[in-house]
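J.: my questions concern the predicted model and sequence given below.
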Amino acid sequence: MRGISNVYLDDTFYHDQISLYDVHLMAGRKHRLRLLAYPDRQISDLVGESDAPLSFSVVGNEIGIDLSSETEKRLVMLTLSSREYDFRETYRLHIFPSFAIADRAGVYVNPARKRQRIVLGKDGHVLLDTDDMIDSLPVFQSEGVSLDPLSLKLSLPSFRHEDADGTEFVLTSTVLFDPVDPELHVAVHLEAYRDGLCDSAYLVGVGDEDGIVEYERFVLAEV
């Protein structure tokens, strides 16, 4: 590629719903994706073509995709190309039906540790049980949780708990809906503070100093 070593779709708003060549987009909405390049370039001759009917536009490095009239699950291959920078890349657009928290309400359990569960209420009430046997953490609850339709992430706050010995625990959870299946992708990070010292670990999922490496699946057990 002339002057470009890499091109990729920006995941700022979509997070894990955009990977290298796969993009999950909720039907019933208008979407805007940005094509980024390294080194940074404005691609003036960007062209898009799809293998199936798709309402989209390309202006500069921005791709507008109008799914406001769609309701069904389908797969569309979108190819973006530029003569000036000599590249051609194809992305799989996984379009999935629109849903809200109320549509996915129920009890979700971790198949690997069945006492770990997340209860989602239709009204946005969330209950999180980490089944932590070491620190005897309580069941955490939150009200009025919302769903981001782009990243499919729940807006859960950080939970705080102080035990009888004065240790303060801070629990940060990341909960993502699967775009199609009735399951959640979950990572839970715990920090413990006492006497100026700090320790941390992932109770659910795998992570390191850079963040989450792997989520664990929580499957719908009952409605």
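T.: Okay, I see it.
J.: bridged to Leu33, which residues?
T.: Ile63 (DSSP bridges).
J.: and it, what does it touch?
T.: Counting by C-beta atoms under 8 Å, 6 or more residues apart in numbering, Leu33 touches Leu9, Asp10, Tyr14, Ile18, Val23, Glu62, Ile63, Ile65. C-beta: built from backbone N, CA, C; applies to glycine.
J.: okay, now the fifth one: neighbour count?
T.: Other residues near Val23 come to 22 when the count uses other C-beta atoms under 10 Å.
J.: check which helix or strand the residue nearest to it when sequence neighbours are not counted maps to.
T.: Distances taken as C-beta to C-beta, 6 or more residues apart in numbering place Leu93 nearest to Val23, at 5.3 Å, with adjacent residues excluded. Assessed by DSSP states H and E, Leu93 sits inside strand 87-96.
J.: what about dumping the CA coordinates of that strand to PDB?
T.: Extracted C-alpha coordinates of strand 87-96, given in PDB (Å, rounded to 0.1, in the frame of the first residue of the first chain):
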ATOM      1  CA  PHE A  87      -5.900  -1.200  -1.100                       C
ATOM      2  CA  ARG A  88      -9.000  -3.300  -1.200                       C
ATOM      3  CA  GLU A  89     -10.500  -4.900   2.000                       C
ATOM      4  CA  THR A  90     -13.700  -6.800   2.500                       C
ATOM      5  CA  TYR A  91     -15.600  -6.600   5.800                       C
ATOM      6  CA  ARG A  92     -18.400  -8.900   7.000                       C
ATOM      7  CA  LEU A  93     -21.400  -6.900   8.300                       C
ATOM      8  CA  HIS A  94     -23.400  -9.100  10.700                       C
ATOM      9  CA  ILE A  95     -26.800  -7.400  10.900                       C
ATOM     10  CA  PHE A  96     -28.900  -8.500  13.900                       C
END
